[in-house]
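J.: Quick one, fold the following:
(chains A and B, ligands or ions: 1)
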Amino acid sequence: MDAGACTMIHGGVMAQDLDLPSGRGPGSRSGEGSLTLRLRAGESLAYEEAVRRFAPRIRALAWRMLGSGEDAEDAAQEVFLRLYRYRRRLDPQRALLPWLYRLTVNVSRTMLKRRRPRRAQPEALPSDTVMNGTARTMEAVDARLTLTAALQRLNPDERAAVVLRDLMGHSTAEVAQALGCREGTIRSRLCRARLKMKDSITGLGEVAP
Amino acid sequence: MRCARYERWAALYVEGDLGTRKSERLEAHLERCERCAATLKALRRSQAVLKETDRIVREDEAREPGPTVAIPPFHACGTGRVFAIEHGRFLLATLAGAAVITILVALHFVLRSGNVPLHRGPRSTIRSAELVRSPVASPIARIAAQPDVVARESSSSRGSVVRPRLSRRLPGSPPAAVRRAEDTKRPPTVVKILTDDPNVVILCIVDS
Ligand SMILES: [Zn+2]
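T.: Residues are numbered from 1 along each chain as shown, chains lettered A, B, ... in the order given. This is a model prediction of the structure:
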């Protein structure tokens, strides 16, 4: 998953821009290619820019994968640590964000596996959002709980597919390329996930209409 | 059995992930199957709830401070950790390299100076030393008087006493006649050191 996967991971190119709606080549989109070149050169400002630009999305994905603010921070930190470590292997012709997405999913999956001995439900989200005071309003508390409850039932693969496709709005092709799967695989994951979430959300609605 | 398949199709259809032909077949089925129509309705509702809750969470996330502050480990210790790893590796490599070079240099000097005892025999202790004024004609004295010759001969035939060919004039050394005259003038000092081992006698020749 680490070094070997990284060269492979970065081979994925998004069909559409994941960063800004622009029709140019994936590497040159919104200066991502030049950012990759600057990262490769070891420019510290480029690293800071990458963190500033991508961290919110990486943290959002990590939180939805892990359901814990603290774990999401750890995952995001690990992702950017790996970005720094493998910066020389980055391909300027490839988009950076899909690669970061896949790293995030992989890191989150590893963290979920590590929870196994401690928790009864291995891949369950801890739902400590409200407890550790991440949410700011009651509406946000409610939303975070509902979202966590819906994603709770999914396995990490289904969760990653749903978050990237349904919540972050990427196309099935983009998700497939970011996660290194075929589109058919992503579609069947989405299908299972949506049916599971339908049941859990309908269940929530029945309890609290 | 057929409805199970249409349910799966509905889960893709709800977000536009189903192909045109399959979508048409599903739509035709939905017109006559209430159960599948209800499933699609529930799917639409759950997807809407999911997206709405995510929108609220996203707004909540946006209210969090920017990434530089929100993720302090990146700047406070995250980047520090990165640099610690990079610099740690560099430092380790440098130290290892320096250690190897030091060992090699030390080995080189030790072996060159011949201080490495290859086999440990019984040690000889010095019993007495006597000062000997060497006679002029002594081959040892004459050898000692010419360091070049000593070096050449001792390297070619170590351990055995060899009389150097003094008749051959070495570059930079005075002619034989002059050399003999110098030898007569200043005879070298020879110190004979006796040890408790009868086989070991040390002769120290000091060229005055
Ligand atoms: Zn049906």
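
J.: Neighbours of residue B:41, how many?
T.: Residues lying near residue B:41 (other Cβ atoms under 10 Å in any protein chain shown) number 14. To be clear about C-beta, it is placed using only N, CA and C from the backbone, and glycine gets the same treatment.

J.: name the helices or strands packed onto the helix or strand containing it?
T.: Following DSSP states H and E, one finds residue B:41 within helix B:34-62. When contacts are defined as 3 or more Cβ pairs under 8 Å, 6 or more residues apart in numbering or on different chains; DSSP states H and E, helix B:34-62 sits against helix A:44-66, helix A:138-152, helix A:183-207, helix B:2-13, helix B:20-32.

J.: one more time with 6 Å
T.: helix A:138-152, helix A:183-207, helix B:2-13 (3 or more Cβ pairs under 6 Å, 6 or more residues apart in numbering or on different chains; DSSP states H and E).

J.: As TSV, those with mean neighbour count and mean pLDDT would be great.
T.: Output for the helices and strands packed on helix B:34-62, formatted as TSV (neighbours: other Cβ atoms under 10 Å in any protein chain shown; pLDDT from 0 to 100):
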stretch	mean neighbour count	mean pLDDT
helix A:138-152	20	89
helix A:183-207	18	86
helix B:2-13	18	94
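
J.: Relative to the ion, which of those helices is closest?
T.: helix B:2-13 (3.4 Å; Cβ to the ion).

J.: Residues in contact with the closest one: which ones?
T.: Residues outside helix B:2-13 that contact it (Cβ atoms under 6 Å, 6 or more residues apart in numbering or on different chains): A:191, A:194-195, B:18, B:22-23, B:26, B:29, B:35-36, B:39-40, B:43.

J.: one step back: for the helix holding residue B:41, the averaged confidence score.
T.: For helix B:34-62, the mean per-residue pLDDT is 94.

J.: in that helix, what's buried?
T.: B:36, B:39-40, B:42-43, B:46-47, B:49-50, B:53-54, B:56-58, B:60-61 (16 or more other Cβ atoms under 10 Å in any protein chain shown).

J.: what's the closest of those residues to the ion?
T.: residue B:36 (3.2 Å).

J.: residue contacts, that closest one?
T.: Listed by Cβ under 6 Å, 6+ apart, the contact partners of residue B:36 are B:3, B:6, B:30.

J.: separation between it and residue B:14?
T.: 12 Å (Cβ to Cβ, to the nearest Å).

J.: For the two, list the residues in contact with both.
T.: By Cβ under 6 Å, 6+ apart, no residue touches both residue B:36 and residue B:14.

J.: Can I get the helices and strands packed on helix B:34-62 in TSV including distance to the ion?
T.: Formatted as TSV, the helices and strands packed on helix B:34-62 follow (distance: least, Cβ to the ion, whole Å):
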stretch	distance to the ion
helix A:138-152	24
helix A:183-207	14
helix B:2-13	3
